[in-house]
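Chemist: The sequence and its predicted three-dimensional model are supplied below.
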Amino acid sequence: MRFDEARIRSALAKAWSLETAKQWTPDTPAAGQCNVTTVVVHDLFGGEILRTSLPGYDVDHYYSRIDGTVVDLTDSQFPAPVSYDDELASRADAMQCVLDSEYNILRAALLAHLK
């Protein structure tokens, strides 16, 4: 499967739910989805997992670099543009706060919306 950012963003908007992150809301569907989204996208499309510290938040923010391009598929959850550190992280790092059920549900929903 080829990575097409616009297509993936559209599918993710339909795939995210309260079952994929507790912070999800209809008004901000990307809220809390960065870890699980980054891991699912990494597993499906490869690339690198990146993280950055966000001022005012007590958690790291995860996103991707695919084919040399930085892609933050959950950037819509933030009211202002993010200043990225682009620190390399591992899949295990990103999975620390993700339940297996959240991962499995998002992966299945994303694949279903991409068909």
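Modeler: Alright, I've got the coordinates. From a predicted model like this one, the values you see are computed outputs, not experimental measurements.

Chemist: C-alpha only now, for contacts and for neighbours.
Modeler: OK.

Chemist: Give me the mean pLDDT for the longest helix along the chain.
Modeler: Using DSSP state H to define each element, the chain has its longest helix at helix 100-114. The pLDDT scores in helix 100-114 average 98.

Chemist: Assign the residue nearest the centre of the chain to helix, strand or coil.
Modeler: Residue closest to the average C-alpha location in the chain (Cα atoms, centre = their mean): residue 37, at 2.8 Å. What DSSP: H, G, I helix; E, B strand; the rest coil gives for residue 37 is helix.

Chemist: ok, it - contacts?
Modeler: 73-74, 106 (Cα atoms under 8 Å, 6 or more residues apart in numbering).

Chemist: Same check on residue 54?
Modeler: For residue 54, counting by Cα under 8 Å, 6+ apart, the contacting residues are 60-61, 82-83.

Chemist: In ChimeraX, select just the buried ones from the residues you listed.
Modeler: Selection of buried members from the contacts of residue 54 for ChimeraX, criterion 16 or more other Cα atoms under 10 Å:
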select :61
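
Chemist: can you list the contacts of residue 54 in TSV and add secondary structure and distance to residue 49?
Modeler: Output for those, formatted as TSV (DSSP: H, G, I helix; E, B strand; the rest coil; distance: Cα to Cα, whole Å):
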residue	secondary structure	distance to residue 49
60	strand	12
61	strand	10
82	coil	16
83	coil	16
